[in-house]
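Chemist: Any chance you can model this:
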Amino acid sequence: MKWLLFIALLLPGISFSKDLFQENCASCHGANRLGGMGPALLPENLSRLKKADAAAMIRNSRPGVQMPGFQEKLQPSEIAILVDLIYSPVSPAPAWGEAEIRASRVVYKTTRSEKPRFAADPLNLFIVVEGGDHHVTILDGDRLEPIHRFASRYALHGGPKFTPDGRYVFFASRDGWISKFDLWNLQMVAEVRAGINTRNAAVSADGKYVAVANYLPHSLVLLDENLKLVKSIPTLSRVSAVYDAAPRRSFVVALKDVPELWEVSYDPRAEPIAAGLVHDFRLKEGAFVPGFLNPRRTVLQDVLDDFFFAPGYRELIGAQRDGKRGQVVQLDVRRVIASVELTGLPHLGSGISWEWRGRRVMATPNLREGVVSVIDVADWKLVKQVPTLGPGFFLRSHEATPYAWVDSMMSPQGRDTLQVIDKQTLEVVARLRPEPGKTLAHVEFDRYGRYVLASLWEQDGALIVFDARTLAEVKRIPMKKPIGKYNVYNKITRSDGTSH
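Modeler: Now for the predicted structure:
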């Protein structure tokens, strides 16, 4: 065995690593590493998993998953070879087109009831994504107790999306699976694989369409409410984000590799789009295509990685990875109208807004710097940089509270502390450190703004519930690394205090 390993490492032409994969991994993860019962094993899907952690997963597995540990079967050197393989690109690049999407769709047998099968308020539910063992918990927001728990796809994106009535929730996994779950009947309805490496999904304001942003393949996929494929739109770039712009009846799409923003209308009455404003450059000058479900291009100065809608959804502010400035895009005239002094890397997708001194402001945490940036959305001037204990990921508030809450989870010194900011003085008025040394992140309010739920972001973690008025801890609900929790009412009413 040692000689075989030595020869395999010296002679690239010998497919020893592929043989190891086929024998031990392919039955679950697919012969081409595109996934099956288990997730896809590609560099694009494993970007958040360190190689040492991948080796530990192969060796020991972990609780709550079907994959066995291989420490009794594989030598450490063999595990190292497998790790190197799954972090290497697949050549030729894998394809996932319309035929594959249609073939992947699964519809489950369900028993439908026209009223919830539980006593809790269906609009005050929390959807808790537990990354530790890939489960979802449905939590009663009044009694603060779980009412249901079920296994999810591998590595869900933290932001599930809801139909306008709050009955159905859609999940997107990093390896492309879109799942539709009935919150009233507590049953999975349907699933489809829309891509290989997916960033996020959005649901239209009328509940009729689901848009899926893909890194791999480079595409924007449009599904109907039953997860049937409507169309797959190829792009010249990875798609970094898609959000619903409800008043515009459209999806707005950020492209990671080209300086463009797309808007895809789902209004059947949308005006036709002239050549030059359409992503298909084969169109002759003077040609038009329907405005319905076709992307309208806005050419920008720089690439936008993420963005935040201003109230009214006529403007948005976007940021770039270079950390130099933000751009304000006016969606009606399709051009940049202002730049904003935003250094570091603002996490605009986590932005919130409120009224400050009679003016509307928005605020965003920063992934590189220990600040919360507060911006006047009338003139796009920076109002203040509120200092924090370090870079943070999430900012949350509620209309019924005077406070905004932010984490510093990206900071070694401040990752265990939540900072509470007075929305009028723009000062930090409290710092909460309920579990020293452990990561604390992602605050969400209940529908009434009475309780604040924060994630103890650990394998044996918890939801820590605070009284929103007194800031006192109320209780802890054990969870497996709760990466996010989402209140149905706050999401479907587009609360100013949560991301949309």
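Chemist: who's residue 372 bridged to?
Modeler: Beta-bridge pairing for residue 372 (DSSP bridges): residue 386.
Chemist: which residues touch it?
Modeler: The neighbourhood of residue 372, defined by Cβ atoms under 8 Å, 6 or more residues apart in numbering, consists of 363-366, 385-386, 388, 392, 395, 404, 406, 421. (Glycine included, C-beta is placed from N, CA and C.)
Chemist: one more time with 10 Å
Modeler: For residue 372, the contacting residues are 346, 351-352, 363-366, 384-388, 392, 395, 404, 406, 419, 421, 426, 428, by Cβ atoms under 10 Å, 6 or more residues apart in numbering.
Chemist: Only the buried subset of those residues, as a ChimeraX command please.
Modeler: Applying 16 or more other Cβ atoms under 10 Å to the contacts of residue 372 leaves a buried subset, and the ChimeraX line that selects it is:
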select :346,351,352,363,364,365,366,385,386,388,392,395,404,406,419,421,426,428
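Chemist: taking the contacts of residue 372 one by one, which sit in strands?
Modeler: Filtering the contacts of residue 372 for membership in strands, criterion DSSP state E, returns 352, 363-364, 384-387, 395, 404, 406, 419, 421, 428.
Chemist: now these in CSV, with pLDDT?
Modeler: Output for these, formatted as CSV (pLDDT from 0 to 100):
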residue, pLDDT
352, 96
363, 97
364, 96
384, 97
385, 96
386, 97
387, 97
395, 97
404, 98
406, 98
419, 98
421, 98
428, 98
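Chemist: ranges for the strands of the stretch 251-400 of the chain?
Modeler: 260-265, 273-274, 288-289, 295-299, 306-309, 315-319, 326-330, 335-340, 352-356, 359-364, 371-376, 382-387, 395-396 (DSSP state E, counting those that start in this stretch).
Chemist: same for the fifth one, what does it pack against?
Modeler: Under the contact definition 3 or more Cβ pairs under 10 Å, 6 or more residues apart in numbering; DSSP states H and E, strand 306-309 sits against strand 239-245, strand 250-255, strand 315-319, strand 326-330, strand 352-356, strand 359-364.
Chemist: Report the angle between the second one and strand 295-299.
Modeler: Spelled out, that is strand 250-255. 50 degrees (axes from the mean of the first three to the mean of the last three Cα atoms, to 10 degrees).
Chemist: Just the angle for strand 250-255 relative to strand 239-245, thanks.
Modeler: 160 degrees.
Chemist: and strand 250-255 with strand 315-319, angle?
Modeler: Strand 250-255 runs at 20 degrees relative to strand 315-319, counting by the same axes, to 10 degrees.
Chemist: ok, back up a step: could I get the helices and strands packed on strand 306-309 as CSV with distance to residue 157?
Modeler: Formatted as CSV, the helices and strands packed on strand 306-309 follow (distance: least, Cβ to Cβ, whole Å):
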stretch, distance to residue 157
strand 239-245, 11
strand 250-255, 15
strand 315-319, 19
strand 326-330, 24
strand 352-356, 19
strand 359-364, 19
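Chemist: Mean neighbour count, the strands of the stretch 251-400 of the chain: which tops it?
Modeler: strand 395-396 (a mean of 26; mean count of other Cβ atoms under 10 Å).
Chemist: Take the strands of the stretch 251-400 of the chain and lay them out in JSON lines including distance to residue 42.
Modeler: Listed next are these as JSON lines, based on distance: least, Cβ to Cβ, whole Å:
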{"stretch": "strand 260-265", "distance to residue 42": "25"}
{"stretch": "strand 273-274", "distance to residue 42": "34"}
{"stretch": "strand 288-289", "distance to residue 42": "34"}
{"stretch": "strand 295-299", "distance to residue 42": "26"}
{"stretch": "strand 306-309", "distance to residue 42": "23"}
{"stretch": "strand 315-319", "distance to residue 42": "27"}
{"stretch": "strand 326-330", "distance to residue 42": "32"}
{"stretch": "strand 335-340", "distance to residue 42": "35"}
{"stretch": "strand 352-356", "distance to residue 42": "34"}
{"stretch": "strand 359-364", "distance to residue 42": "31"}
{"stretch": "strand 371-376", "distance to residue 42": "35"}
{"stretch": "strand 382-387", "distance to residue 42": "39"}
{"stretch": "strand 395-396", "distance to residue 42": "32"}
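Chemist: Minimum distance to residue 18: which of those has it?
Modeler: Residue 18 sits nearest to strand 306-309 of all the strands of the stretch 251-400 of the chain, at 37.3 Å, using Cβ to Cβ.
Chemist: The stretch 101-250 of the chain: helices as residue ranges?
Modeler: Assigned by DSSP state H, counting those that start in this stretch, the helices in the stretch 101-250 of the chain number zero.
Chemist: Below-threshold pLDDT in it: ranges please.
Modeler: 158 (pLDDT under 70).
Chemist: closest to residue 494 out of the strands of the stretch 251-400 of the chain?
Modeler: Taking Cβ to Cβ, strand 306-309 is the member of those nearest to residue 494, at 9.5 Å.
Chemist: That closest one: partners in the sheet, and parallel or antiparallel?
Modeler: Each strand paired with strand 306-309, and its direction, by DSSP bridges: strand 315-319 (antiparallel).
Chemist: about what we covered before: make CSV out of the ones in strands among the contacts of residue 372 and add distance to residue 122.
Modeler: Output for those, formatted as CSV (distance: Cβ to Cβ, whole Å):
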residue, distance to residue 122
352, 24
363, 30
364, 31
384, 39
385, 40
386, 36
387, 40
395, 27
404, 27
406, 29
419, 33
421, 32
428, 36
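Chemist: ok, which pair from these is furthest apart?
Modeler: Pairwise distances across these (Cβ to Cβ) peak at 18.1 Å, for the pair 352 and 387.
Chemist: Look up the closest residue to the residue nearest the centre of the chain, ignoring the ones flanking it.
Modeler: Centrality entry for the chain: nearest residue to the mean C-alpha point is residue 157, 4.1 Å, by Cα atoms, centre = their mean. Nearest non-adjacent residue to residue 157, counting by Cβ to Cβ, 6 or more residues apart in numbering: residue 172, 4.7 Å away.
Chemist: Please apply the same query to residue 253.
Modeler: residue 262 (4.0 Å).
Chemist: swap in residue 184?
Modeler: That would be residue 116: by Cβ to Cβ, 6+ apart, it lies 4.5 Å from residue 184.
Chemist: What's the local residue count around residue 226?
Modeler: 13 (other Cβ atoms under 10 Å).
Chemist: The one 5 residues further on too?
Modeler: In terms of burial, residue 231 registers 13 neighbours under the definition other Cβ under 10 Å.
Chemist: so it touches residue 194, yeah?
Modeler: No: between residue 231 and residue 194 there is no contact under Cβ atoms under 10 Å: 11.5 Å.
Chemist: quick one: common contacting residues for the two?
Modeler: Residues touching both residue 231 and residue 194 by Cβ under 10 Å, 6+ apart: 219-223.
Chemist: what sits against the nearest residue to residue 336 once chain neighbours are set aside?
Modeler: Residue nearest to residue 336 in three dimensions, not counting chain neighbours: residue 327, with 5.0 Å by Cβ to Cβ, 6+ apart. Contacts for residue 327 (Cβ under 10 Å, 6+ apart) come out as 259, 261, 300-304, 307, 316-320, 336-340, 342, 380.
Chemist: same thing but 8 Å
Modeler: By Cβ under 8 Å, 6+ apart, the contact list for residue 327 reads 300-302, 304, 317-320, 336, 338-340.
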